[in-house]
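Undergrad: build me a model:
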Amino acid sequence: MSEVVVIGAGGHGKVVISTLQAAGHTVVAVYDDDAARWGSEILGRPVRGPVATAGEAGVACGVLAIGCNATRKKIAGLVNLRWLTVVHPVAWVAPDVPLGEGTVVFAGAIIQPGSVVGRHVIISTGATIDHDCVIGDCAHLAPGVHLAGTVRVGEGAFLGIGCTAIPARKIGAWTTVGAGAVVVRDLGEDVVAYGVPARPRRPSDSRPAGVPPEPSTAPHF
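TA: Numbering: from 1, shown residues only. Sure, this is the predicted structure:
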C-alpha cells in the first residue's frame with residue numbers, strides 16, 4: 001500500500017479519498033488551486049495549497065480527483081508524480097483488463113473481460129462495462145453508466161449519469177452524452193448528445209485538432 005497525495009478538493013475528491021482509504025492507501029494531503037480551501041480539511045485530510053506545490057509533500061504517488069476531463073489531462077502532464085491506479089475493493093475488474101495509470105474505479109463498478117481502459121479514466125459508482133469495450137484516456141463514466149459489449153469510448157468523452165450504449169457503438173473523443181441517454185447510433189467527436197435515442201444537439205467547444213478543450217462551462221446534465 002502507498003502514501004499518496006490527492007489533487008482536487010471538491011466533491012469528487014471525497015469519493016477518491018474514500019476509495020483510496022478503502023483500498024488500504026494513506027492519503028497524506030490534498031492540493032487544490034482554490035485558495036479558499038487551503039487550510040481546511042476534506043475527510044480529515046489537510047488541504048495544503050496549490051497543485052504546483054504537491055511535490056513538496058515528499059510523497060511519490062498521486063491521484064487526480066478532478067472531474068473535468070480536459071483539466072485532468074492538462075495537470076497529468078504538468079505535475080511530477082507517479083499516478084496511482086486505484087480500484088475500490090467492492091468493484092470488480094476482470095483479471096485480463098489493463099487499467100491505465102491514474103485511473104480510478106469506484107465502488108460497485110464492474111469491468112468485464114476483454115476490455116481495455118486508458119489513463120486517468122473515471123469509472124464512477126455502479127458503472128458497468130461489458131466485454132471487449134475500449135475506454136480512451138481521460139474519459140469519465142458517471143454513476144450508473146452501462147455499456148454493452150464492444151463499445152468504444154473516445155479520449156476525453158463524458159458519459160452522464162445513467163446513460164447506456166447498445167453493443168458495438170462508438171462514442172467520439174471529447175463528446176458529452178447526457179444523463180439517461182441511450183446510444184443506439186455512433187456519435188462523432190466534439191458533440192453534445194442526449195435523449196432517447198441519443199442525438200447530437202449541438203457541437204461542443206471547438207478546438208485545434210489533437211488539443212483538448214479548455215474546461216467547459218456546458219452543463220453535464
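Undergrad: looking at the chain, which helix or strand is least sure?
TA: When the helices and strands of the chain are compared on mean pLDDT, DSSP states H and E, strand 199-203 comes out lowest with a mean of 83.
Undergrad: what sits against residue 39?
TA: Contacts were defined as CB atoms under 8 Å, 6 or more residues apart in numbering; by that measure residue 39 touches 46, 47. All C-beta atoms are positioned from the backbone trio N, CA, C, and that covers glycine.
Undergrad: kindly provide the distance from it to residue 58.
TA: Note on residue 39: its distance to residue 58, by CB to CB, to the nearest Å, is 19 Å.
Undergrad: and what of residue 21?
TA: Distance of residue 21 to residue 58, given as CB to CB: 20 Å.
Undergrad: settle it for me: which of these two has more neighbours?
TA: residue 21 (14 against 9; other CB atoms under 10 Å).
Undergrad: which SSE is that one in?
TA: Using DSSP states H and E, residue 21 falls within helix 11-22.
Undergrad: now what about that helix, what contacts it?
TA: By CB under 8 Å, 6+ apart, helix 11-22 touches 4, 6, 8, 27, 30, 32, 42-43, 45, 63, 65-67, 84, 86, 88-90, 104-107, 122, 124-125.
Undergrad: and the next helix or strand after that helix, what does it pack onto?
TA: Following helix 11-22 in sequence order, the next helix or strand is strand 26-31 (DSSP H and E). When contacts are defined as 3 or more CB pairs under 8 Å, 6 or more residues apart in numbering; DSSP states H and E, strand 26-31 packs onto strand 3-7, helix 11-22, strand 45-49.
Undergrad: which of those is buried the deepest?
TA: Burial of the helices and strands packed on strand 26-31 is given as mean neighbour count (mean count of other CB atoms under 10 Å); strand 3-7 ranks first at a mean of 23.
Undergrad: with only the CA atoms kept, save that one in CSV.
TA: Output of strand 3-7 as CSV, limited to C-alpha atoms (Å, rounded to 0.1, in the frame of the first residue of the first chain):
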residue,chain,number,x,y,z
GLU,A,3,1.2,7.0,0.7
VAL,A,4,-0.5,9.3,-1.8
VAL,A,5,-1.5,12.9,-2.4
VAL,A,6,-4.8,13.8,-4.0
ILE,A,7,-5.2,16.7,-6.5
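Undergrad: strands paired with it, and their directions?
TA: Paired neighbours of strand 3-7 in the sheet (DSSP bridges): strand 26-31 (parallel), strand 61-64 (parallel).
Undergrad: of those, which is nearest residue 131?
TA: strand 61-64 (27.3 Å; CB to CB).
Undergrad: contacts only, for the residue most central in space within the chain.
TA: Closest to where the C-alpha atoms of the chain average out (CA atoms, centre = their mean) is residue 122, at 2.3 Å. Contact analysis of residue 122 by CB under 8 Å, 6+ apart lists 12, 67, 103, 104, 106, 139, 140, 141.
Undergrad: ok, residues contacting stretch 152-160?
TA: 69-70, 73, 118, 133-142, 145, 147, 165, 169-181, 189, 194, 212, 220-221.
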